[in-house]
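Participant: here is the input, now give the coordinates:
(chains A and B)
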Number of protein chains: 2
Amino acid sequence: MPITANNPNRKSWLAVAPESDFPIQNIPFGVFLTKDDVITIGTRIGDFAIDLGALQALNYFAGIELTDDMFMQDTLNDFISDGKKTWRLVRNRIADIFDENNPELRDNEEDKEQVIYHISDVEMQLPVQIGDYTDFYSSREHATNVGKMFRDPENALLPNWLHIPVGYHGRSSSIVPSGIPVHRPMGQTLPAGENTPLFGPSRTIDFELEMAFITTDANIMGENIPVHEAEDYIFGMVLLNDWSARDIQKWEYVPLGPFLAKNFATSISPWIVTMDALEPFRTKGPKQDPTPLPYLQQKGKHAFDINLSVEIKPENAESTMVCHSNFKYMYWSMSQQLAHHTSNGCRVNSGDMMGSGTISGPTPDSFGSMLELTWGGKNPIKLKDGTERKFINDNDTVIMKGFCKNADVRIGFGEVSSKLLPPFVRS
Amino acid sequence: MPITANNPNRKSWLAVAPESDFPIQNIPFGVFLTKDDVITIGTRIGDFAIDLGALQALNYFAGIELTDDMFMQDTLNDFISDGKKTWRLVRNRIADIFDENNPELRDNEEDKEQVIYHISDVEMQLPVQIGDYTDFYSSREHATNVGKMFRDPENALLPNWLHIPVGYHGRSSSIVPSGIPVHRPMGQTLPAGENTPLFGPSRTIDFELEMAFITTDANIMGENIPVHEAEDYIFGMVLLNDWSARDIQKWEYVPLGPFLAKNFATSISPWIVTMDALEPFRTKGPKQDPTPLPYLQQKGKHAFDINLSVEIKPENAESTMVCHSNFKYMYWSMSQQLAHHTSNGCRVNSGDMMGSGTISGPTPDSFGSMLELTWGGKNPIKLKDGTERKFINDNDTVIMKGFCKNADVRIGFGEVSSKLLPPFVRS
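Facilitator: Below is the predicted model:
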């Protein structure tokens, strides 16, 4: 079935600014709360949030097999469960409805009233109920930087790294959408040179620039997903800020991995951009040497050219761009990650989320964390307001953005923006 | 409110064998499927499964504030969310209903028909929808054994271990109830002396004898649970077999912890035994030296005296007991684990599950895994059928049991029993 929604020549009768992340070729999926306190599944064109629940109730999806209340839900899990064919049918239909040449909704003021909100009048929610959240560690540059700083500069990559898309389980309950502030966590740390740990506020709060993909029901327990089928089970992607407390991490992570250093908060952008929308931005990933084992081998283009950036905005001051990176730098592809994850029969469900790991590029300004950008705090970053940062200060807002662009179209993710608050005080 | 359900002198009008795990003083909670394909929340007395949905519909819970369909659900999450006071009211009421001196249901044949099933006529389900699953590593003996085998025999415990209830995130989607067979996973391993990994069936499948507790909604994001309040947020406990593929684990676990070595399957016993039922079996845990940091300090008895055992049953052969252990050996208490888990503000929800980590005792026959029992495969265990085991063979069934006992009463968990099948073959 062709992805007619991707037609680069199509224009919408809704106004879309030239540099918008959300032209009619994007059609992402999200969940929002309206001013009338109604939660619905929606999409976005330009600066308009579109209520898909209302569209369905008004019969605009006639002919597509959907349960009656498919979009009048507070998560996308059921829709994602319906599979790729349905996602494509719905997205193609939405593109038709909002095509400038289609008068059906365009000229129906009453229906438009029920369907279209200005984006400033809705409150974005988590788009899915995330059953399990896995975080990978798939940027070679990031793993190398960390290895140089904390282990052996001459053998920065661990022996398994070039053979395995290394990953671990994260905490689903602490995943929040863009806009929700995050408290600086308390925790145990071991001060340098001491033998006895302390408990107090973390002093080294970091962001990690990541992206994540959302899966559909991929398998039954015991069954693996072959690497060449894996992309069929990926619904779409979001931006992800993997908040990290470096001092807590350093003391706790041996031998079972990061735990409280990560699970106080993970922030994601609220609109899931579909893999269909990202199709024009496929590209080749880095050459893999040594050749992966057969269950991880794939041909063709399985990386995606997505420009990424991170800004830090101190309170009442202008923001400063501190990092430019690109998703295409990832050594392991999403399909390799999903094939590996299920190679032991681990069950993957609709709404599960898998993070890329920090996305660092080859140049120092493309490193995806303060740990790497300041090289462990040795080289503080100067912000536009004249202050310096080794890590993130209280009341700083960290803003991550991402977009794809070619000669025809720009497909963006919007942003994940979250403010770091001082430690929580019980009321 | 007194826990009248714990009255040791009470007898039920339902027959209970003398050594049953489920006297009227237990009253655990679970979810089962009846022969009529109805799913309901239930409890168990002797060999009878009791349909709490039917009991509620017949108005036996009158006077207790419950939503109308509280027990006609396929998970206990909502009931657990109602909090400790409701759990206790319901459990006390159930004890009253089945008290030998109460004729209300005893003498109502029509109602009994709707409420009571023989245990062999129902199929136990997962009792909760597990949002997040955390696994701790809180047995000093286990951590010491592992440290001796894989690290430094002279410094077996890592420096953080006596300060932190070390834990990590597990996979919720692979948790299955007792009775569901588990496939031997495929995976990457690095053969001894080689530089290049292989992909194939794991050759060293192990059990880990654990228990787990189930929480209620404990906090909002950012807020911690003080250690002295933590027990109020624990609903009850189950037995847990943390299936582990040692060869996969060895190759993958650095630096982010176990992943595919664990997430192919985790088996739990289906009846959640409440903390109220376990109250008579409180005991003092091991002395903690060094003294933990203040946020982990507690007085009184926070360990529980629960006898544990593991049997291996080869196909068509008698089972052999390979391990006797006790939950009271745990160095870190459940309240310390929960206080630590939330010390950074990590949100804990109703239905979250937290495993103890392998429960090894001080003597070699109390070690909670084949890894320790055979000391890395060096000392195979002889089974009653004459065969030997270094690890678990295909078609072996691993059976874990647990019970508390004092002069008055025996409160048990039943069992978690799961068969290891050969690797999954796609049909």
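
Participant: longest helix in chain A, please.
Facilitator: Ranked by residue count and defined by DSSP state H, the top helix of chain A is helix A:84-97.

Participant: helices or strands up against it?
Facilitator: helix A:52-57, helix A:77-81, helix A:275-278 (3 or more Cβ pairs under 8 Å, 6 or more residues apart in numbering or on different chains; DSSP states H and E). The C-beta positions use only the backbone N, C-alpha and C, and glycine is treated the same way.

Participant: show me what the last one is packed up against.
Facilitator: I take that to be helix A:275-278. For helix A:275-278, the packing partners by 3+ Cβ pairs under 8 Å, 6+ apart are helix A:84-97, strand A:234-241.

Participant: now what about it, what contacts it?
Facilitator: The contact list for helix A:275-278, computed with Cβ atoms under 8 Å, 6 or more residues apart in numbering or on different chains, reads A:3, A:5-6, A:25-28, A:87-88, A:91, A:231, A:234-237, A:304, A:306, A:404, A:411.

Participant: and the helix or strand following that helix, how far from the chain's centre?
Facilitator: For helix A:275-278, the following helix or strand on the C-terminal side (DSSP states H and E) is strand A:282-283. Put simply, strand A:282-283 sits 18 Å off its chain's centre (Cα atoms, centre = their mean, to the nearest Å).

Participant: ok, stretch A:159-166 next?
Facilitator: The gap between where stretch A:159-166 is centred and where its chain is centred comes out at 23 Å by Cα atoms, centre = their mean.

Participant: that stretch: end-to-end distance?
Facilitator: One end of stretch A:159-166 to the other measures 11 Å (Cα to Cα, to the nearest Å).

Participant: and it, what's its mean pLDDT?
Facilitator: The average pLDDT within stretch A:159-166 is 98.

Participant: swap in stretch A:74-92?
Facilitator: 98.

Participant: same question, stretch A:393-412
Facilitator: If you average the pLDDT over stretch A:393-412, you get 98.

Participant: going by neighbour count, list what's buried in that stretch.
Facilitator: By neighbour count with 16 or more other Cβ atoms under 10 Å in any protein chain shown, stretch A:393-412 contains the buried residues A:393, A:396-404, A:409-412.

Participant: just those: which are in strands?
Facilitator: A:T397, A:V398, A:I399, A:M400, A:K401, A:G402, A:F403, A:C404, A:R410, A:I411, A:G412 (DSSP state E).

Participant: distance of the last one from chain B?
Facilitator: What it means is A:G412. Distance from A:G412 to chain B, counting by Cβ to the nearest Cβ, to the nearest Å: 28 Å.

Participant: re earlier: with mean neighbour count added, can I get the helices and strands packed on helix A:84-97 in TSV?
Facilitator: Formatted as TSV, the helices and strands packed on helix A:84-97 follow (neighbours: other Cβ atoms under 10 Å in any protein chain shown):
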stretch	mean neighbour count
helix A:52-57	22
helix A:77-81	20
helix A:275-278	21
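
Participant: ignoring the adjacent residues along the chain, who's closest to the residue of the stretch 151-300 of chain A found nearest chain B?
Facilitator: Nearest to chain B in the stretch 151-300 of chain A, going by Cβ to the nearest Cβ, is A:G257, at a distance of 2.7 Å. The shortest distance from A:G257 to any non-neighbouring residue, by Cβ to Cβ, 6 or more residues apart in numbering or on different chains, is to B:G257 (2.7 Å).

Participant: tell me which element that neighbour is part of?
Facilitator: Short version, using DSSP H and E: B:G257 is in no helix or strand.

Participant: which residues of the stretch 201-350 of chain A lie near chain B?
Facilitator: A:202, A:221-224, A:245, A:248, A:251-260, A:263-265, A:290, A:293-295, A:340-341, A:343-349 (Cβ under 8 Å from any Cβ of the partner chain).

Participant: which of those residues fall in strands?
Facilitator: Under the assignment DSSP E, these contribute A:A245 to strands.

Participant: only the buried subset of the residues of the stretch 201-350 of chain A next to chain B, as a PyMOL command please.
Facilitator: To isolate the buried ones among those in PyMOL, judged by 16+ other Cβ under 10 Å, type:
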select buried, chain A and resi 202+221+222+223+224+245+248+251+252+253+255+256+257+258+259+260+263+264+265+293+295+340+341+343+344+345+346+347+348+349
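
Participant: ok, the residue of the stretch 151-300 of chain A closest to chain B to B:D99 distance?
Facilitator: Counting by Cβ to Cβ, to the nearest Å, the gap between A:G257 and B:D99 amounts to 50 Å.

Participant: circling back: can you list the buried residues of stretch A:393-412 in CSV and add distance to A:S356?
Facilitator: Shown next, in CSV, are those (distance: Cβ to Cβ, whole Å):
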residue, distance to A:S356
A:N393, 26
A:D396, 23
A:T397, 22
A:V398, 17
A:I399, 18
A:M400, 12
A:K401, 16
A:G402, 11
A:F403, 16
A:C404, 15
A:V409, 23
A:R410, 21
A:I411, 18
A:G412, 17
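
Participant: widest-spaced pair of those?
Facilitator: Using Cβ to Cβ, the two most remote members of the buried residues of stretch A:393-412 are A:N393 and A:V409, lying 37.7 Å apart.

Participant: ok now do A:L162, which residues does it touch?
Facilitator: Contacts of A:L162 by Cβ under 8 Å, 6+ apart are A:Q288, A:D289, A:P290.

Participant: show me where the stretch 301-427 of chain A has strands.
Facilitator: A:303-304, A:307-313, A:320-326, A:353-355, A:381-382, A:388-389, A:397-405, A:410-421 (DSSP state E, counting those that start in this stretch).

Participant: I'd like the distance between the residue located most distally from the centre of chain A and B:R151.
Facilitator: Taking Cα atoms, centre = their mean, the residue of chain A most remote from its mean C-alpha position is A:N195, at 38.6 Å. Using Cβ to Cβ, A:N195 is found at 19 Å from B:R151.

Participant: now swap in A:V38 and tell me
Facilitator: Relative to B:R151, and taking Cβ to Cβ, A:V38 is found at 57 Å.

Participant: can you check A:K84 too?
Facilitator: Taking Cβ to Cβ as the measure, A:K84 falls 47 Å from B:R151.
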